[in-house]
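> Provided below for reference: sequence and predicted model.
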Amino acid sequence: MREFTLRDGEEFIKLGQLLKAAGLVDTGVEAKYAVEEGKASVNGEVCTMRGRKIHDGDVVAFGGEEIRVSVPAV
């Protein structure tokens with residue numbers, strides 16, 4: 001499982017943005033269609049909303065990879 005750390009001051013990242021930032025898709029458009037087609041899951045449940053807010057501790061699965069989102073250590 002990979003870790004993705006939010007930037008300082010961020011409380012969440014949207015699902016589509018996470019897929020792009022983590023390098024799982026090349027473009028926002030690719031993320032949009034992949035999510036709409038049900039190819040991503042959040043905490044074990046398929047999610048078709050690319051604007052879904054992903055918070056600290058959430059686990060996103062996509063393309064055979066899992067990413068746990070965390071906040072920066074203080």
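Yep, that arrived. Residues are numbered from 1 along each chain as shown.
> can you pull the contacts of the closest residue in space to E37 that isn't next to it in sequence?
Taking C-beta to C-beta, 6 or more residues apart in numbering, and ignoring the residues beside it in sequence, E37 has T48 as its nearest neighbour in space, at 7.9 Å. C-beta: built from backbone N, CA, C; applies to glycine. With contacts defined as C-beta atoms under 8 Å, 6 or more residues apart in numbering, the neighbours of T48 are V35, E36, E37, G38.
> which one of the residues you listed is nearest L18?
For L18, the closest of the contacts of T48 turns out to be V35, at 10.2 Å, with distances computed as C-beta to C-beta.
> can you count the residues close to E3?
Using other C-beta atoms under 10 Å, E3 has 9 neighbouring residues.
> mind checking how far the residue nearest to V59 when sequence neighbours are not counted is from Y33?
Residue nearest to V59 in three dimensions, not counting chain neighbours: R68, with 5.1 Å by C-beta to C-beta, 6+ apart. Distance, R68 to Y33, using C-beta to C-beta, to the nearest Å: 24 Å.
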